[in-house]
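[1] Next come a sequence and a model predicted from it.
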Amino acid sequence: MLVFIMLGASIGDALLSRGMKQVGPVSFDHMGLLLHALMNPWVIAGILVLISFMGSYMTALSWADLTFVQPATAFGNVVTALIGRLWLHEAITPMRWAGIACIVIGVGFVANGPSRTEHLALAELEGVQP
């Protein structure tokens, strides 16, 4: 589930980015362009993937702590950067890579702490009500 959440967010955002690059700049002065964007197949695909991501994210949050789910999906920052570089041909500076590395390392520290999710899972395995 967590892998799908991570990939769903990254892929959905990449699809939206590709579609919006085709649509062009949108401003609040020309809201009709947003309606036009909803007709772009890349935007539609991105929205559908992000809806499935949100359903999966909500499901994960129903059985796990936010402080477990969010750090577990943080590697999505790396996936998003790789998709941006390899598929969308975006330039990623060394400073951005360093920032992504800091996020992943920081999340590693956060995720290493105790969580209620682990205790709930253990209680369920033992057949004990939490």
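    That came in fine, so what should we check first?

[2] what does the helix or strand containing Gln22 rub up against?
    Take DSSP states H and E as the rule and Gln22 turns out to sit in helix 2-23. Identification of contacts with helix 2-23 by Cβ atoms under 8 Å, 6 or more residues apart in numbering yields 26, 33, 36-37, 40-47, 49-50, 52-53, 56-57, 60, 69, 72-73, 75-76, 79-80, 83-84, 87-88. No exception for glycine: its C-beta is placed from N, CA and C like everyone else's.

[3] Run through the chain and note the low-pLDDT ranges.
    111-130 (pLDDT under 70).

[4] If we use 80, what do you get?
    Within the chain, the stretches with pLDDT under 80 are 30, 67, 72, 108-130.

[5] ranges for the helices of it?
    Taking DSSP state H, the helices of the chain run over residues 2-23, 32-37, 41-63, 66-72, 76-86, 94-111, 116-126.

[6] what about Phe4, neighbour count?
    Other residues within reach of Phe4, judged by other Cβ atoms under 10 Å, total 16.

[7] ok, it to Asp65 distance?
    18 Å (Cβ to Cβ, to the nearest Å).

[8] for Ala14, same thing?
    28 Å.
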